[in-house]
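Colleague: just to be clear, the model below is a prediction. Sequence and coordinates:
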Amino acid sequence: MKSDTTKKDHRALLLVDLQNDFVQGGALEVPGGLEVIEVANTLIPKFSWVVATQDWHPADHQSFASQHAELAIGDQFLLDGIPQIAWPDHCIEHSRGAEFVASLNQDQIDHVVRKGTHRLIDSYSAFYDNGHQHSTGLADDLRRHGIEHVFAMGLATDYCVRATVLDAISKGFRVTLVVDGCRGVEMQPGDIERALEEMRDAGAELIRSDEL
Ligand code: VGL
Ligand code: ZN
């Protein structure tokens, strides 16, 4: 019979976009974003495999409103045929805004997934771009490490966390969302709640960090 310890080794913590631009004072500030860092720091030692995603855009990424004379931040448009929101310039590769928040304990991060690197397509999910064309290789990497169960948290609930969780489920992982480790953008009132419902309906288990 397998012990609890063995089971725990099939689990990974997935930290989504805990970067300067998504917290207080950042270019795409997510309200309360900084509050989740202490949740991450509490959870990190409980996992033997920790993955962090990093939004990582070229300066001329076409999801940026600044790249389109006719668009304002928050406008919706089609980017290469895929529905896209026009974002403020954020997480530009190698910039301070793209760095992990300094107070995040990075010593135990085993693997970093950079996404949004191609100028013509955005990538909210840690697994695929928004057109589901290119894989980041994360699913294979998790499997190689024997991971079956992914615990996800981070920023933003209604964009990158949502997309990551839905893809993780569709790739066959058991997924638990640590709700108090997430904050959302809430462009439209109700977006966060709707994202949580969607993840739950898709099969994610929603818990609080103190249940871990
Ligand atoms: C994100 C919008 C644009 C996120 C990233 O991390 O949720 N949202 N880029
Ligand atoms: Zn982005």
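Modeller: Arrived safely. Ligands and ions are numbered 1, 2, ... in the order given.
Colleague: can you check which helix is longest in the chain?
Modeller: Longest helix in the chain by number of residues (criterion: DSSP state H): helix 191-202.
Colleague: what packs against that one?
Modeller: Counting contacts by 3 or more CB pairs under 8 Å, 6 or more residues apart in numbering; DSSP states H and E, helix 191-202 is packed against helix 162-170, strand 174-183, strand 205-207. In this view, the C-beta of every residue, glycine as well, is placed from N, C-alpha and C.
Colleague: give me the phi and psi for the residue of the chain found nearest ligand 2.
Modeller: For the chain, the residue closest to ligand 2 is residue 55, as judged by CB to the ion, at 4.1 Å. The phi/psi pair for residue 55 (degrees, to the nearest 10) reads phi -70, psi 130.
Colleague: before we move on, what about residue 32?
Modeller: The phi and psi values for residue 32, taken as degrees, to the nearest 10, are phi 80, psi 10.
Colleague: next, the contact list for it, please.
Modeller: Taking CB atoms under 8 Å, 6 or more residues apart in numbering, we find residue 32 in contact with residue 183.
Colleague: relative to residue 181, how far out is it?
Modeller: Counting by CB to CB, to the nearest Å, the gap from residue 32 to residue 181 is 11 Å.
Colleague: residues in contact with the most centrally placed residue in the chain?
Modeller: The structure's the chain has its C-alpha centroid closest to residue 16; by CA atoms, centre = their mean the separation is 3.0 Å. Residue 16 sits next to 52-53, 126, 152-155, 160-161, 164 when contact means CB under 8 Å, 6+ apart.
Colleague: now do the helices in the chain.
Modeller: Counting by DSSP H, the helices of the chain are 4-8, 36-43, 138-144, 162-170, 191-202.
Colleague: check contacts around residue 63.
Modeller: 57, 79, 84-87, 116, 122.
Colleague: do residue 47 as well
Modeller: Residue 47 neighbours (CB under 8 Å, 6+ apart): 8, 11-13, 108, 151.
Colleague: thinking again about what came up before, ok, the contacts of residue 63 vs ligand 1, which is closest?
Modeller: The closest of the contacts of residue 63 to ligand 1 turns out to be residue 87 (CB to the nearest ligand atom; 4.9 Å).
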